[in-house]
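K.L.:
Dropping the sequence and predicted coords here.
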Amino acid sequence: MLAVWYGTQADEAFPDAWHSDAIAPGDSTSVSPTYIRSKVYHSPRLWYVRVNVIEAQDLVPADKSRFPDAYVKVQIGNQILKTKPVQTRNMNPIWNEEFMFVAAEPFEDHLTFTVEDHAGPNKDETIGRTVIALNSIDRRADDRFVRTRWYNLEKSLSDAMDSDRAKKDKFHSRLHVCVCLDGGYHVLDESTQYSSDLRPTAKQLWKSSIGVLELGILNADGLQPMKTRDGKGTSDTYCVAKYGHKWVRTRTIVNSLNPKYNEQYTWEVYDTATVLTVGVFDNSQIGGSDNTRDNKIGKVRIRISTLETGRVYTHCYPLLVLHPSGVKKLGELHLAIRFSSTSMVNMMSQYSRPLLPKMHYKRPLSVIQQDILRHQAVNIVAARLGRAEPPLRREVVEYMSDANAHLWSMRRSKANFLRLTSVFSGLFSAGKWFGEVCTWKNPITTVLVHILFAMLVCFPELILPTVFLYMFLIGVWNYRYRPRYPPHMNTSLSCADAVSPDELDEEFESFPASKSSDIVRMRYDRLRSVAGRIQTVVGDIATQGERLQALLSWRDPRATTIFVLLCLVAAIVLYVTPFQMIALLAGFYVMRHPRFRHKTPSAPINFFRRLPARTDSML
């Protein structure tokens, strides 16, 4: 079916048109840009599927003269995992292996178990299959026990899907499994450093919202042309904003290097330790372009905790993109942002709660598991949003979700190392100053340090009150120099302004590497994988140090307020309480019995993990 619409932008039907030919090639009379309307998308509801393959009974191989060397292949969509072969071969093998998958509602794929027999080199024979509909699987919001079930194995996939046929046959090989949908986790579908939502999948575990985030996408200035039309450079740009389950896409403004969007969107905020991401893209699907992918022009990340409550921020953010030829500034994006709190008490109490749902601490997932599951979650979200009308293309979803942030990059490793040295630069400076005191470089300072040292030795109960009082005074003093705007992408922090062409070539190389020798490719990919984990660890260490710096920097005004007031209270309490009693209680608390310990982190640790770091400013 084909629909053709004739008219102007003043017509009532115009906002419902996806495309328009108001600017046709060679038409010099068209002076106003063409618009393609905005769209709101919703991410699918993601679940973790926990599968425990326990055992099988009465397996019958094709060659009945031997015991089967059996293993189980578990599949959901394009996610495939296999059990290890059993050590002792018999007709009733036992595996007892657990796997995790990602599935999205509405469930379109089935959970398929295939028992295969490794009959010889490169020869695997199927013993039987069983198919389970995901809608029929038990759901849980905690770590309660889920009962196991036996399933009959059919020879073919069609037989496994036909329940009536399964009832007619008298003899079946059987498979014993335990399957459930784990709703107590938050399914990570984006980089953990830039998560926009931390709620668990199960809605009964959701808390009430603590505020509202309003975003105004005003305009972009000085955009670089991404294509050529009528002999002139131009761009057909649109913006995508992502927060929580809600994605928004502005109108596509055609043939304009200074587009004005003037669109406003709102989100409910459930946690201030989340990040809003806004990206700008060039629409390559307009005007018969040869490029099949929408070009990225840049993105902006804004951590909600860095916004003062009720204040309107209007600021221009640079759009920086790293290309194989180097970092480029492709323009500026003008945004208006306001975070309004609906419950100040609930918002402040967030700082003492765990960052992730309790299941992440009761039954934690390994780092490798999280990386694999996040990759699968991004693929599912990209596939679902790509089927919308108009589609939100895969390259857009991957860029907004930082799907490739875990891959090895010499530039990122250097940046994380420099962040680490910057964090410890204060300690190095203090050591240098103390060395100058020891060498009597400034006699007056050295005498004052001797007096202070003698006073603290004679009155040790003044040490902790003095330290907390100093931190309180430093926090109050730094209030005048608190940041006025949310941070933006920083090329110096990202080491993007001095990166070599060879390092850029390595960073933009495909993964797996496209090398001629298979051995070199294998070794190179292994090196990149290991180095990527080291890079992540170094970045995490730097993040912890930057969070310490954020305690008194007013980067998160609410957290600094809490910490400064706690320092004042601690200074008063420690002043009136004997030091020996404080030391005794602290020692007993650290060495307390495991019965008095909880699996979930304590309030100080939760407060610390919610503090912002400079990861939001890294490319």
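P.N.:
In hand now; what should we look at?

K.L.:
How much space separates the nearest residue to T342 once chain neighbours are set aside from T272?
P.N.:
Nearest residue to T342 in three dimensions, chain neighbours excluded: G211, at 5.4 Å (Cβ to Cβ, 6 or more residues apart in numbering). Heads up, the C-betas are built off the backbone N, CA and C, glycines and all. Here G211 is placed at a distance of 8 Å from T272 (Cβ to Cβ, to the nearest Å).

K.L.:
what's the answer for F99, then?
P.N.:
Shown here: F99 relative to T272, a distance of 35 Å by Cβ to Cβ.

K.L.:
which of these two has more neighbours?
P.N.:
Between F99 and T272, counted using other Cβ atoms under 10 Å, the more crowded position is T272 (25 against 18).

K.L.:
Just confirm the more buried one contacts S349, I think it does.
P.N.:
No: counting by Cβ atoms under 8 Å, T272 does not reach S349; the two are 11.3 Å apart.

K.L.:
How many residues are close by the residue nearest to T342?
P.N.:
By other Cβ under 10 Å, 23 other residues sit near G211.

K.L.:
show me where pLDDT drops low in the stretch 501-619 of the chain?
P.N.:
Flagging of the stretch 501-619 of the chain using pLDDT under 70 yields the residue ranges 515-516, 523, 526.

K.L.:
what are the ranges of the strands in it?
P.N.:
In the stretch 501-619 of the chain, no strands are found when defined by DSSP state E, counting those that start in this stretch.

K.L.:
now do the stretch 51-200 of the chain
P.N.:
All strands of the stretch 51-200 of the chain, identified by DSSP E, counting those that start in this stretch, fall at 70-76, 79-82, 94-105, 111-120, 123-132, 138-140, 149-153, 173-182.

K.L.:
tell me the angle the third one makes with strand 70-76.
P.N.:
In other words, strand 94-105. Using axes from the mean of the first three to the mean of the last three Cα atoms, to 10 degrees, the direction of strand 94-105 lies 10 degrees away from that of strand 70-76.

K.L.:
What is strand 94-105 packed up against?
P.N.:
Strand 94-105 is packed against strand 45-57, strand 70-76, strand 79-82, helix 367-385, with contacts defined by 3 or more Cβ pairs under 8 Å, 6 or more residues apart in numbering; DSSP states H and E.

K.L.:
Take those and write them to CSV, including distance to T342, mean pLDDT and mean neighbour count.
P.N.:
What follows is these, written out as CSV (distance: least, Cβ to Cβ, whole Å; pLDDT from 0 to 100; neighbours: other Cβ atoms under 10 Å):
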stretch, distance to T342, mean pLDDT, mean neighbour count
strand 45-57, 24, 94, 20
strand 70-76, 39, 93, 21
strand 79-82, 39, 94, 16
helix 367-385, 28, 93, 19
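
K.L.:
Including distance to F607, could these go into TSV?
P.N.:
TSV is the format used below for these (distance: least, Cβ to Cβ, whole Å):
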stretch	distance to F607
strand 45-57	27
strand 70-76	38
strand 79-82	37
helix 367-385	23
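
K.L.:
Need the residues touching each of G211 and T272.
P.N.:
Taking Cβ atoms under 8 Å, 6 or more residues apart in numbering as the contact criterion, the residues that touch both G211 and T272 are 339, 347.

K.L.:
Sketch out the low-pLDDT regions of the stretch 251-400 of the chain for me.
P.N.:
Flagging of the stretch 251-400 of the chain using pLDDT under 70 yields the residue ranges 287-291.

K.L.:
tell me the contacts of the spatially most central residue of the chain?
P.N.:
Central residue check for the chain by Cα atoms, centre = their mean: the C-alpha nearest the mean position is that of S191, 2.3 Å away. If a contact means Cβ under 8 Å, 6+ apart, then S191 has 374, 401-402, 405-406 as its contacts.

K.L.:
if you set the cut-off to 7 Å instead, what comes out?
P.N.:
If a contact means Cβ atoms under 7 Å, 6 or more residues apart in numbering, then S191 has 401-402, 405 as its contacts.

K.L.:
Now tabulate these in a markdown table and tack on secondary structure.
P.N.:
Below are these laid out as a markdown table (DSSP: H, G, I helix; E, B strand; the rest coil):
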| residue | secondary structure |
| --- | --- |
| S401 | helix |
| D402 | coil |
| A405 | coil |
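
K.L.:
Check the residues you listed against H488 and report the nearest one.
P.N.:
Distance ranking of the contacts of S191 against H488, using Cβ to Cβ, places D402 first at 16.3 Å.

K.L.:
Three-state assignment for L392, please.
P.N.:
Going by three-state DSSP, the secondary structure assigned to L392 is coil.

K.L.:
And the helix or strand containing R338, what's buried?
P.N.:
Assignment of secondary structure by DSSP states H and E places R338 within strand 326-341. Of the residues in strand 326-341, those scored as buried under the neighbour-count criterion (16 or more other Cβ atoms under 10 Å) are 327, 330-335, 337-339, 341.

K.L.:
okay, the residues you listed in TSV with distance to M591 next?
P.N.:
Supplementary listing: the buried residues of strand 326-341 in TSV, determined by distance: Cβ to Cβ, whole Å:
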residue	distance to M591
V327	51
L330	57
G331	58
E332	56
L333	53
H334	56
L335	51
I337	47
R338	48
F339	42
S341	40
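
K.L.:
which one among those residues gets closest to G222?
P.N.:
Distance ranking of these against G222, using Cβ to Cβ, places G331 first at 4.7 Å.

K.L.:
Look up how far F563 lies from the closest one.
P.N.:
Look at G331 and F563: by Cβ to Cβ, they are 38 Å apart.

K.L.:
what about the nearest residue to I304 once chain neighbours are set aside, which SS state?
P.N.:
Distance criterion Cβ to Cβ, 6+ apart; nearest residue to I304, sequence neighbours excluded, is T272 at 4.7 Å. Of the three states, T272 takes coil under three-state DSSP.

K.L.:
Look up the residues forming beta bridges with K82.
P.N.:
With beta bridges defined as DSSP bridges, K82 has these partners: K73.

K.L.:
show me the residues around it that make contact.
P.N.:
Under the criterion of Cβ under 7 Å, 6+ apart, the neighbours of K82 are 71-73.

K.L.:
Same question for H118.
P.N.:
With contact taken as Cβ under 7 Å, 6+ apart, H118 is in contact with 69, 71, 85, 124.

K.L.:
Just give the number of residues close to the residue nearest to Q370 when sequence neighbours are not counted.
P.N.:
Nearest non-adjacent residue to Q370, counting by Cβ to Cβ, 6+ apart: L188, 6.2 Å away. Number of residues near L188 (other Cβ under 10 Å) recorded here: 23.

K.L.:
if I look at L188, how far off is A103?
P.N.:
The span separating L188 from A103 equals 14 Å under the rule Cβ to Cβ.

K.L.:
same question, S429
P.N.:
Look at S429 and A103: by Cβ to Cβ, they are 52 Å apart.

K.L.:
just A496 next, same as before
P.N.:
According to Cβ to Cβ, A496 and A103 sit 38 Å apart.

K.L.:
So for the two, which residue has more residues nearby?
P.N.:
A103 (25 against 22).

K.L.:
tell me the contacts of that one?
P.N.:
Contact criterion Cβ under 7 Å, 6+ apart gives 47, 49, 76, 109, 134 as the residues in contact with A103.

K.L.:
neighbours of the residue nearest to the fourth one when sequence neighbours are not counted, just the number please.
P.N.:
Okay, so that is D109. Of all residues not flanking D109 in the chain, G77 sits nearest, at 4.1 Å (Cβ to Cβ, 6+ apart). Look at G77: counted by other Cβ under 10 Å, it has 18 neighbours.
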